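In: only geometry, no sequence info:
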Ligand SMILES: O=C(O)[C@H](O)CO
């Protein structure tokens, strides 16, 4: 599956125009000898075309690519392929840990992930080795916020159940309480972990006549909160007062399974729980209990643990749980922007320049 950037592969991967292809080939063929001295990069996925174009047209690196977007690179292959590389461009399915960094060896200077989340990276190990890390915040904020709103409305207004009923004969006469859900108007929306994405979600929800935004985080974030007029509350207050609770925090050792029975037991039985951050912030057994027993009204999840969630998982048996396959940032524009940003971060890192978006280790 892996390959060095060849003519056929380039055409297939990037659906680029013939002139663009010629340019890439020209670069490759005119400088075969020069190329062998260029820094080596391994790209762990067939990333969207914009990023590959950035790498290719830079003329500053030679890169090898795992030539698939449907199957992630097997660990064994990855450990082999990273040997001796100068930089790695990865996605969130690859664990970048001590084993991998040892396999890569001392040449590795830059890891650039095409994601805003970095829980798949062992930051301590990267720091210890002086490896710089790029990531892709901001470019996905709009897309994630849009999807979060879509998931929230789908869940609270029971759209999946409704289309199922319409299609399968459950649609009888118009009924007064059939498929009733919960509305945003006059509601309190809680945000767990207020960052750019939380703000963008609130900005989109405000026109639905939300009464109040509340949030909690490790500390108040007055600048961000003032944009959406959100009040800082304790974790318990957030649980008790939210009609809609949107989880927007990063997965860290501190937030691992922070959404557990302690949280669900304090929530209203009319509340809607939405998670578009990481599956690991939720204790899924506790969530199942809360949903199955009516402790909370419904949940919308774009992320689970593991991913993919096995189709036999109990959460799939619940009508009041909407599960999406981690698509919050999945718009063509955003995925291309993430790809280009990851490539540019990598190139800048290799040149010893500040990256556009670099994690402070
Ligand atoms: O971390 C990320 O970037 C998202 O989860 C996927 O876009």
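Out: Here it is on my side, so go on. On a predicted model such as this, the values are computed, not experimentally measured, just so you know.

In: which bits of the stretch 101-250 of the chain sit near the ligand?
Out: Residues of the stretch 101-250 of the chain that fall close to the ligand, judged by Cβ under 6 Å from any ligand atom: 115, 116, 117, 140. (Each C-beta comes from the backbone N, C-alpha and C, glycine too.)

In: For these, give me CSV that also has neighbour count and distance to residue 88.
Out: Below are these laid out as CSV (neighbours: other Cβ atoms under 10 Å; distance: Cβ to Cβ, whole Å):
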residue, neighbour count, distance to residue 88
115, 19, 13
116, 23, 18
117, 17, 17
140, 26, 20
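
In: which one among those residues gets closest to residue 79?
Out: The shortest gap between residue 79 and any of those belongs to residue 115, at 20.6 Å (Cβ to Cβ).

In: next one: phi and psi at the closest one?
Out: Residue 115 has phi and psi values of phi -170, psi 160 when expressed as degrees, to the nearest 10.

In: Run through the residues that contact it.
Out: 91, 92, 135, 136, 338 (Cβ atoms under 8 Å, 6 or more residues apart in numbering).

In: from the residues you listed, which ones fall inside helices?
Out: residue 338 (DSSP state H).

In: For residue 79, grab the count of nearby residues.
Out: For residue 79, the number of neighbouring residues by other Cβ atoms under 10 Å comes to 15.

In: Ends of stretch 75-93, what's the gap?
Out: Stretch 75-93 has an end-to-end distance of 10 Å (Cα to Cα, to the nearest Å).

In: Next, the contact list for residue 84, please.
Out: Neighbour list for residue 84: 40, 104, 105, 107 [criterion: Cβ under 8 Å, 6+ apart].

In: count of neighbours near the closest residue to the ligand within the stretch 151-300 of the chain?
Out: Relative to the ligand, the nearest point of the stretch 151-300 of the chain is residue 278 (7.2 Å; Cβ to the nearest ligand atom). Other residues near residue 278 come to 24 when the count uses other Cβ under 10 Å.

In: Please apply the same query to residue 207.
Out: Residue 207 has 8 neighbours, counted by other Cβ under 10 Å.

In: Check the secondary structure at the residue of the chain positioned farthest from its centre for me.
Out: Distance from the C-alpha centroid of the chain, by Cα atoms, centre = their mean, peaks at residue 173 (41.7 Å). Three-state assignment for residue 173 (DSSP: H, G, I helix; E, B strand; the rest coil): coil.

In: ok so residue 127 is a helix residue?
Out: Yes - assigned with three-state DSSP, residue 127 falls within a helix.

In: can you map out the helices along the stretch 1-150 of the chain?
Out: Secondary structure of the stretch 1-150 of the chain (DSSP state H, counting those that start in this stretch): helices located at 7-14, 18-30, 32-35, 49-58, 75-81, 98-104, 123-128, 141-156.

In: And stretch 75-84, what's buried?
Out: By neighbour count on 16 or more other Cβ atoms under 10 Å, the buried set for stretch 75-84 is 78, 81, 82.

In: actually stretch 223-240, not the one I wrote
Out: Counting neighbours by 16+ other Cβ under 10 Å, one finds that the buried residues in stretch 223-240 are 224, 225, 228, 230, 232, 233, 238, 239.

In: swap in stretch 304-319?
Out: Residues of stretch 304-319 classed as buried: 304, 309, 315 (neighbour count, 16+ other Cβ under 10 Å).

In: That one: end-to-end distance?
Out: Stretch 304-319: ends 17 Å apart by Cα to Cα.

In: Likewise for stretch 229-240?
Out: 19 Å.

In: how far is that stretch from where the chain is centred?
Out: 25 Å (Cα atoms, centre = their mean, to the nearest Å).

In: Verify the contact between the residue of the stretch 151-300 of the chain closest to the ligand and residue 118 for me.
Out: No - at 10.4 Å, residue 278 and residue 118 do not qualify as touching, with contact defined as Cβ atoms under 8 Å.

In: list the residues that contact both of these two?
Out: With Cβ under 8 Å, 6+ apart, residue 278 and residue 118 have common neighbours residue 250.

In: nearest to the ligand, of the buried residues of stretch 304-319?
Out: For the buried residues of stretch 304-319, the nearest to the ligand is residue 304 (12.0 Å; Cβ to the nearest ligand atom).

In: Show me which of the contacts of residue 84 are buried.
Out: Using 16+ other Cβ under 10 Å, the buried ones in the contacts of residue 84 are 40, 104.

In: In TSV, list the contacts of residue 84 along with pLDDT.
Out: TSV is the format used below for those (pLDDT from 0 to 100):
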residue	pLDDT
40	98
104	98
105	98
107	98
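
In: Show only the entries of the contacts of residue 84 found in strands.
Out: residue 40 (DSSP state E).

In: between the contacts of residue 84, which is nearest the ligand?
Out: Closest to the ligand, out of all of the contacts of residue 84 and judged by Cβ to the nearest ligand atom, is residue 104, at 22.0 Å.
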